[in-house]
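K.L.:
What shape does this take:
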Amino acid sequence: MSFAREIDLGTPAPPLGIAADVTLTIDGQDVTVPAGTPVMRAAATLGTTIPRLCATDVLGAFGSCRLCLVQIDGRAGTPASCTTPVATGMKVTTQTPQLKKLRKGVMELYISDHPLDCLTCPANGDCELQDMAGAVGLRDVRYGYNGENHLALAKDESNPYFTFDTSKCIACSRCVRACDEVQGTFALTIAGRGFDSRVSASQAEPFFGSECVSCGACVAACPTATLTEKKVIEVGTPDRSVITTCAYCGVGCTFRAEMRGEELVRMVPHKQGKANHGHSCVKGRFAWGYANHRERILNPMIRSSIDEPWQEVTWDEAIAHTASEFKRIQAKYGMRSVGGITSSRCTNEETFLVQKLIRAAFGNNNVDTCARVCHSPTGYGLKTTFGTSAGTQDFDSVEATDVVVIIGANPTDGHPVFASRLKQRLRKGAKLIVIDPRRTDIVRSAHIAAEHHLALRPGTNVALLTSMAHVIVTEALANEAFIRDRCDWSEYADWAEFVADPRHSPEATEPMTGVPAAEVRAAARLYATGGNGAIYYGLGVTEHSQGSTTVMAIANLAMVTGNIGRDGVGVNPLRGQNNVQGACDMGSFPHELSGYRHVSDDGARAMFLELWGVELDAEPGLRIPNMLDAAVDGTFKGLYIQGEDILQSDPDTRHVSAGLAAMECVVVQDLFLNETANYAHVFLPGSTFLEKNGTFTNAERRIQRVRKVMQPRNGFEDWEITQKLSQALGFPMNYAHPSEIMDEVAAVTPTFAGVSYELLDKLGSVQWPCNVAAPEGTPVMHLDGFVRGRGKFVRTEYVATEERTGPRFPLLLTTGRILSQYNVGAQTRRTENSRWHQEDMLEIHPHDAEQRGIAAGDWVKVASRAGDTTLRADLTDRVAPGVVYTTFHHPTTQANVVTTDNSDWATNCPEYKVTAVQVGRSNGPTDWQVGYEERSRLSKRIGPKPVAVPAE
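P.N.:
Numbering: from 1, shown residues only. You can find the predicted model right below:
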């Protein structure tokens with residue numbers, strides 16, 4: 001599509017349904033708009049643009065620039081059209097000699113204190129001040145340019161992504177309001193008064209060191225070149241744009257990728273994006289430079305041994321060699337001796353093809369995904385209780401919420417765009433309950449505070465949630481009408497008897513959870529009686545030995561209070577990576593086909609047989625830990641890994657490395673030589689989200705288009721590479737475009753039956769299930785009944801994790817993410833985001849640090865039963881005594897060296913969140929960390945191209 005600014009109607013739309021529509025006349029034309037609509041927006045619907053500078057439809061009306069004046073019959077003066085609501089019969093005139101004179105006078109004042117460097121300004125042709133000067137007919141300035149001004153003020157270039165040129169600021173407050181109203185950080189203000197008024201970050205700090213989180217809302221809102229992306233200054237203004245979807249977290253923000261030729265200039269959040277509504281975070285907005293990073297691998301490589309240097313080969317040679325190796329291994333060790341891992345970063349179509357390759361070309365079900373090591377308990381728990389393996393709401397539902405429960409999630413860091421929406425709702429009066437061992441930013445930040453922070457001991461989620469259920473049942477707070485109408489009453493009665501047992505009371509569980517009983521009771525009462533109650537949860541729920549049990553305990557709470565099946569309520573998993581939901585939907589688990597149908601389901605397998613022409617194995621395959629176990633045992637020898645770094649992301653690093661080292665052919669398809677590639681024999685360079693077509697499915701089940709912005713630098717989109725490998729293995733795949741793959745997904749997956757690229761292009765996005773019953777998707781699930789029929793209450797017996805503290809390991813380590821980095825950091829570490837987070841730190845309470853003689857910044861050794869690592873200490877009361885915390889974004893830390901192989905009883909989801917450790921002072925990094933850079937350098941050696949590579 002050609003480049004054009006998004007249409008801006010000047011002011012937001014009024015709330016729906018507050019009153020009937022009204023009809024008025026603007027410049028002689030009748031227009032009917034909803035009551036409460038400002039005159040400016042009503043005029044814009046007619047195609048009439050009233051001059052403005054402080055107004056934009058993503059912010060509330062402000063009325064400060066005095067450009068948007070109009071005349072209204074019967075009213076004195078010239079009111080601002082942005083703050084004047086319409087009225088029935090109103091007659092508005094937008095252009096008169098008096099209005100022209102007033103507007104021109106205002107513009108003269110602005111321009112008299114503004115640099116006249118339009119030809120060299122990076123916003124030339126993309127500047128609203130320039131546009132408005134033309135709109136009001138300004139040709140000269142009566143006041144001259146020699147009076148007192150702000151032209152000599154210095155630029156702030158501290159932020160790595162944008163500049164702040166105070167000399168070009170017109171003090172319209174749009175950036176300040178965007179920080180307040182859209183992002184909710186309140187990092188900007190207008191300091192001073194009168195002529196001294198100027199935008200200030202925090203307490204007159206440089207942007208980089210201030211509270212600014214670099215979401216870009218201020219940059220997008222700025223009408224001049226005051227706040228400008230450095231890339232725009234470097235490259236120039238864009239000349240075309242493509243709508244696509246972000247490839248970071250599970251929020252699934254829609255962006256306009258604005259291009260100049262084949263070069264990406266900026267990513268601008270799309271106002272029509274149904275998940276983000278024109279907002280973004282620092283990652284999606286700015287951290288896309290990894291696509292052109294010097295370390296990106298663009299040519300296929302092979303080696304016969306992991307001790308040898310890599311050798312670059314052609315694509316044909318690499319594919320032939322890979323197929324030959326897999327054929328050799330299966331001939332020698334059997335059909336089940338190879339398998340694959342799909343990626344939660346790749347598209348639905350690419351993921352679907354990988355599992356199809358494994359099931360149809362390899363002839364087994366040895367397929368798994370990183371989605372299992374983060375959210376597989378969500379699938380198991382919600383399918384058991386509700387009948388479907390996904391969250392119940394859309395993100396917009398939070399606007400109708402009265403009580404929000406956040407458990408095991410840190411949305412301000414992990415899902416910041418959703419967190420901004422949530423904070424807006426909290427500031428409007430919704431109440432917040434946070435269940436987390438750590439005091440995250442959502443517990444208390446600008447103008448919000450949780451009613452209750454239940455700082456439980458890691459590993460005791462089930463005990464705490466069951467004690468909340470105890471309060472609801474024993475205090476007669478259950479919604480009996482909902483339960484009788486929507487759930488199995490006999491199962492409820494059995495569950496109610498279970499939770500009512502005195503051993504589940506808050507008083508009885510307090511010694512286990514560490515949460516005062518009075519706080520638990522108060523939180524339970526608030527959730528049960530406070531109106532619409534919504535629960536949002538993350539990896540702090542699922543990554544436990546009782547992850548599936550915790551998900552079912554959450555579902556129990558929603559059902560017992562009737563908080564399911566309408567706006568403002570529900571059970572909402574916050575997915576970590578961009579396509580975790582989609583990877584699960586596409587059949588990436590060894591026991592499930594697409595749409596969560598078990599491989600033993602004869603009817604489901606028959607659908608695939610008819611379409612693929614091969615009989616699928618009815619026996620579940622191996623999960624990743626089982627593959628590694630089998631590799632160590634000598635029975636699993638080949639692995640195809642698309643877009644995952646299991647050596648850094650999976651638990652018990654030593655076990656992962658032992659399994660990989662025992663294999664004869666490890667194939668890594670990725671952007672960079674990651675940690676897993678140290679053990680690879682074939683490297684197939686992957687493509688970024690900017691270089692491919694396809695779809696992602698976000699945390700709210702929203703399927704959205706990913707559109708190719710530029711040609712793949714490696715030569716192929718990821719789905720094309722998988723297709724080539726399948727053809728080389730003898731199984732035909734002949735797709736011409738990912739839309740054809742989605743058509744196949746729709747043909748064999750009931751919840752996707754109505755999905756097509758044509759529909760997605762028409763509607764922008766849809767939420768599954770999308771089928772005959774719901775041709776435009778399903779924003780809120782379980783409206784009239786549960787997918788499984790009746791909701792199922794499940795007893796949730798608390799079973800303490802096997803990972804216990806003791807004299808040797810007295811502390812509990814838990815892990816999480818930070819705003820500026822993403823997952824294992826492969827992408828964000830190769831951007832300027834690393835300036836905010838250059839290393840993983842260990843958060844430790846001052847009391848625990850004092851006992852160990854640890855000062856802030858000291859090197860400390862973290863040792864567990866599985867291994868040890870070192871990192872620097874950060875003393876903070878964010879964590880309670882007895883608990884320590886770190887992130888896992890940097891390979892030099894290798895946090896998973898210390899995590900154990902404990903896992904969820906139902907899904908094998910690793911127990912990342914509970915590891916017993918000891919912490920002590922250290923002289924510095926361990927020996928393996930000291931040698932990491934050298935080992936990494938050696939593993940990435942690229943030797944001369946071989947003379948020939950045999951195809952067989």
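K.L.:
Tell me how many other residues crowd R525.
P.N.:
Using other CB atoms under 10 Å, R525 has 15 other residues around it. Any C-beta I mention is one placed from the backbone N, CA and C, and that applies to glycine too.
K.L.:
Between its first and last residues, how far does stretch 183-200 reach?
P.N.:
16 Å (CA to CA, to the nearest Å).
K.L.:
ugh, wrong one, I meant stretch 794-810
P.N.:
OK, stretch 794-810 end separation, CA to CA: 33 Å.
K.L.:
Next, the residues that contact it from outside, please.
P.N.:
384-385, 459-460, 462-463, 465-466, 491, 494-495, 498, 509, 512, 544-546, 549-550, 552-553, 555-556, 811-812, 863-865, 882, 900, 902, 905, 911, 914-918 (CB atoms under 8 Å, 6 or more residues apart in numbering).
K.L.:
Check which element follows the worst-scoring helix or strand of the chain on mean pLDDT along the chain.
P.N.:
Least confident element among the helices and strands of the chain, by mean pLDDT, DSSP states H and E: helix 932-939 (a mean of 66). Using DSSP states H and E, the helix or strand that follows helix 932-939 in sequence is strand 942-943.
K.L.:
strand partners of that following strand, parallel vs antiparallel please.
P.N.:
strand 310-312 (parallel) (DSSP bridges).
K.L.:
from the chain's centre, how far out does the partner strand sit?
P.N.:
35 Å (CA atoms, centre = their mean, to the nearest Å).
K.L.:
Taking the centroid of this structure, which residue is nearest it?
P.N.:
C249 (1.9 Å; CA atoms, centre = their mean).
K.L.:
my guess is that one meets N578, correct?
P.N.:
Yes: taking contacts as CB atoms under 8 Å, C249 lies within contact range of N578: 6.4 Å.
K.L.:
Pull out the buried residues from the longest helix seen in the chain.
P.N.:
Secondary structure assigned by DSSP state H gives helix 315-333 as the longest helix of the chain. Under the neighbour-count criterion of 16 or more other CB atoms under 10 Å, helix 315-333 has 315, 317-327, 329-330, 333 buried.
K.L.:
Could I get the CA-only coordinates of it as PDB?
P.N.:
Output of helix 315-333 as PDB, limited to C-alpha atoms (Å, rounded to 0.1, in the frame of the first residue of the first chain):
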ATOM      1  CA  TRP A 315      20.500 -24.300   0.100                       C
ATOM      2  CA  ASP A 316      20.200 -27.300  -2.200                       C
ATOM      3  CA  GLU A 317      23.300 -28.900  -0.600                       C
ATOM      4  CA  ALA A 318      22.100 -28.200   2.900                       C
ATOM      5  CA  ILE A 319      18.600 -29.600   2.300                       C
ATOM      6  CA  ALA A 320      19.900 -32.700   0.600                       C
ATOM      7  CA  HIS A 321      22.400 -33.300   3.400                       C
ATOM      8  CA  THR A 322      19.800 -32.900   6.100                       C
ATOM      9  CA  ALA A 323      17.300 -35.200   4.400                       C
ATOM     10  CA  SER A 324      20.100 -37.800   3.800                       C
ATOM     11  CA  GLU A 325      21.100 -37.700   7.500                       C
ATOM     12  CA  PHE A 326      17.500 -38.100   8.800                       C
ATOM     13  CA  LYS A 327      17.000 -41.000   6.300                       C
ATOM     14  CA  ARG A 328      20.200 -42.700   7.500                       C
ATOM     15  CA  ILE A 329      19.300 -42.300  11.100                       C
ATOM     16  CA  GLN A 330      15.800 -43.700  10.700                       C
ATOM     17  CA  ALA A 331      17.100 -46.600   8.700                       C
ATOM     18  CA  LYS A 332      19.600 -47.400  11.400                       C
ATOM     19  CA  TYR A 333      17.700 -46.700  14.600                       C
END
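K.L.:
and for it, what are the contacting residues?
P.N.:
300-302, 313, 337-338, 362-363, 635-638, 640, 664-665, 667, 681-682, 684, 715-716, 721, 724-725, 728-729, 949-952.
K.L.:
show me where the stretch 401-550 of the chain has strands.
P.N.:
403-407, 431-435, 444-445, 448-449, 452-454, 533-537 (DSSP state E, counting those that start in this stretch).
K.L.:
Given the last one, what are its sheet partners and their directions?
P.N.:
Spelled out, that is strand 533-537. strand 403-407 (parallel), strand 570-573 (parallel).
K.L.:
Nearest to D645, out of the ones you listed?
P.N.:
strand 570-573 (22.7 Å; CB to CB).
K.L.:
residues in contact with the helix or strand just after the closest one?
P.N.:
Per DSSP H and E, the first helix or strand lying C-terminal to strand 570-573 is helix 580-585. Helix 580-585 is contacted from outside by 250, 342-344, 346-348, 351, 369-371, 374-376, 379, 389-390, 575, 594-596, 695-699, 701, 703, 749, 751-752, 768, using CB under 8 Å, 6+ apart.
K.L.:
average pLDDT across helix 580-585?
P.N.:
Mean per-residue pLDDT for helix 580-585: 93.
K.L.:
Find the nearest non-adjacent residue to H114, please.
P.N.:
Nearest residue to H114, sequence neighbours excluded (CB to CB, 6 or more residues apart in numbering): K168, at 6.5 Å.
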